[in-house]
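1. Just to be clear, the model below is a prediction. Sequence and coordinates:
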Amino acid sequence: MSDSTDSNMKANFRIPSASGDAGSALRVLDCTIRDGGLMNSHRFEDEVVAAVHSACGAAGIDYMEIGYRASRKGIQSGEHGCWRYCLEEDIQRIVGGRAVGPKISIMADVGKCDYREDIGPKAGSVVDMVRVACYLHQIPTAIDMVKDIRDKGYEVSVNLMAVTTVSERELEEGLARLASSEADIIYVVDSFGALVSPRIRSLMALYLRHAQPAGKSVGIHAHNNLQLAFANTVEAMQAGATFLDATMAGLGRGAGNCPMELLVGFLDSSKYRLEPVLACVEEVVEPLRRELKWGFGLPYMITGLFNRHPRAAIEFLASPHRDGILPFYESESRP
């Protein structure tokens, strides 16, 4: 294949809006360790976390979400790895003085983090952004969390989970409340990997209608149950999302996430470099696949089709009956 042909193919694949003024607003967030930790109880070796951090820095990725910040009250010793709690000393062990590299993000789930105690002032932390994850009924507590965390000096997002299970009226009311909060970003989260492009467009229009007048950005976090995580991320970006989540090799809970290598390869920008991502995927992340077993599969497809939490698929794949896909389909299709 000639060089000119190859260049033409890349030009057709990539989009020009990812560079220049429109593209300069984009922020790519890597959540490989945070979302991938749901597959191994957050027990990543330091070498893996450091390799992802290094690759994010070399690739120009804007943020790396290194794990959760969760309460340690009442836990059993060894129940989870350290990236469930993201203590400052653990994060600093990876990022050091951080003269260069991505901004650091952590996630705090409403109800699982004693945020007033567990999240200290920004002045004493290498963390830049805290992403507050909540369900619709938890929005009042999420707003309190956002204010507390924002007052401590952090950037803050709200990741509103399981939005495919609520009515548009309920969602509209929730977004109106979040628009009046101190959050910087509101995320569309496809928790069950059930969204398709028309619904992505309608959700983006709804989120932007509330977020933009309040000066807030909108992000997208997609799961790959229907093999649409990358397509849905691009759809959301073209509809106005400026914060884009992805993971190396799609590593994440169940069917996984939008693959970082696809997203960075797609973005036509001098800001992002694909080579460090490819090296990290090949040398560090793919060797974990045999143990962690994430990625598209029929059980995850079925839970996505029926807008169900993937826990049933995870349990099915761990059971001695994992070859009985038709009975699983029939059980999930029942109301």
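-> Thanks, I have it.
2. Pull out the buried positions in the host helix or strand of H53.
-> Using DSSP states H and E, H53 sits in helix 46-59. Under the neighbour-count criterion of 16 or more other CB atoms under 10 Å, helix 46-59 has V48, V49, A50, A51, V52, H53, S54, A55, C56, G57, A58, A59 buried. The way it works is simple: take the backbone N, C-alpha and C, and place the C-beta from them, glycine included.
3. Contacts for it, please.
-> Helix 46-59 has contacts (CB atoms under 8 Å, 6 or more residues apart in numbering) with 30, 32-33, 61, 64, 66, 83, 93-95, 100-102, 248, 264, 272-277, 279-280, 283-285, 288.
4. how does it look with 6 Å?
-> 30, 32-33, 64, 94, 100-102, 272-273, 276-277, 280, 284 (CB atoms under 6 Å, 6 or more residues apart in numbering).
5. got any ranges where this protein has weak pLDDT?
-> Applying pLDDT under 70 to the chain flags residues 1-24, 98-99, 268.
6. now the helices: where do they sit in the stretch 1-150 of the chain?
-> Under the criterion DSSP state H, counting those that start in this stretch, the stretch 1-150 of the chain contains helices at 3-13, 20-24, 32-36, 46-59, 88-95, 115-118, 139-151.
7. what would the ones you listed look like in JSON lines with distance to S77?
-> Output for the helices of the stretch 1-150 of the chain, formatted as JSON lines (distance: least, CB to CB, whole Å):
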{"stretch": "helix 3-13", "distance to S77": "49"}
{"stretch": "helix 20-24", "distance to S77": "47"}
{"stretch": "helix 32-36", "distance to S77": "22"}
{"stretch": "helix 46-59", "distance to S77": "19"}
{"stretch": "helix 88-95", "distance to S77": "16"}
{"stretch": "helix 115-118", "distance to S77": "18"}
{"stretch": "helix 139-151", "distance to S77": "27"}
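8. Most tightly packed of those?
-> helix 32-36 (a mean of 27; mean count of other CB atoms under 10 Å).
9. Please pick the buried ones from the contacts of helix 46-59.
-> For the contacts of helix 46-59, buried by 16+ other CB under 10 Å: D30, T32, I33, M64, I94, G101, P102, Y272, P276, V277, C280, V284.
10. The second one: what's it in contact with?
-> T32 makes contacts with V52, T247, M248, L251, as judged by CB under 6 Å, 6+ apart.
11. which ones are touching the nearest residue to R84 once chain neighbours are set aside?
-> Excluding the flanking residues, the one nearest R84 by CB to CB, 6 or more residues apart in numbering is H42, at 4.1 Å. H42 makes contacts with H80, G81, W83, R84, as judged by CB under 6 Å, 6+ apart.
12. cool, and V264?
-> Contacts of V264 (CB under 6 Å, 6+ apart): Y272, L274, V277.
13. Would you quantify the distance from the first one to A241?
-> Put plainly, it is Y272. According to CB to CB, to the nearest Å, Y272 and A241 sit 16 Å apart.
14. Check the second one too.
-> Relative to A241, L274 is positioned 21 Å away (criterion: CB to CB).
15. Surely N159 and R131 touch.
-> Yes - in this structure, N159 is within contact of R131 by CB atoms under 6 Å, at 5.4 Å.
16. now the helix holding H53 and helix 88-95, what's the angle there?
-> Interaxial angle, helix 46-59 versus helix 88-95 (axes from the mean of the first three to the mean of the last three CA atoms, to 10 degrees): 60 degrees.
17. Which residue, neighbours along the chain excluded, lies closest to P213?
-> Distance criterion CB to CB, 6+ apart; nearest residue to P213, sequence neighbours excluded, is A179 at 7.3 Å.
18. Do I have it right that the one you found meets H210?
-> Yes - if you go by CB under 6 Å, A179 and H210 touch, sitting 4.2 Å apart.
19. any idea which element R308 lies in?
-> Applying DSSP H and E, one finds R308 in no helix or strand.
20. can you map out the helices along the stretch 151-300 of the chain?
-> Secondary structure of the stretch 151-300 of the chain (DSSP H, counting those that start in this stretch): helices at 168-179, 197-211, 229-239, 260-266, 275-280, 289-292, 298-305.
21. got a list of contacts for the shortest one?
-> When you say that, I think you mean helix 289-292. By CB under 6 Å, 6+ apart, helix 289-292 touches M39, N40.
22. Kindly report the same for the third one.
-> With CB under 6 Å, 6+ apart as the test, helix 229-239 has contacts from L195, S197, I200, R201, M204, I220, A222, H223, L244, N257, C258, L262.
23. List the residues that contact the fourth one.
-> Applying CB under 6 Å, 6+ apart, one finds that R201 lies in contact with A239.
24. before we move on, the earlier item: and the residue nearest to R84, what are its phi and psi?
-> phi 70, psi 30 (degrees, to the nearest 10).
25. separation between it and R290?
-> From H42 to R290 the distance is 19 Å (CB to CB).
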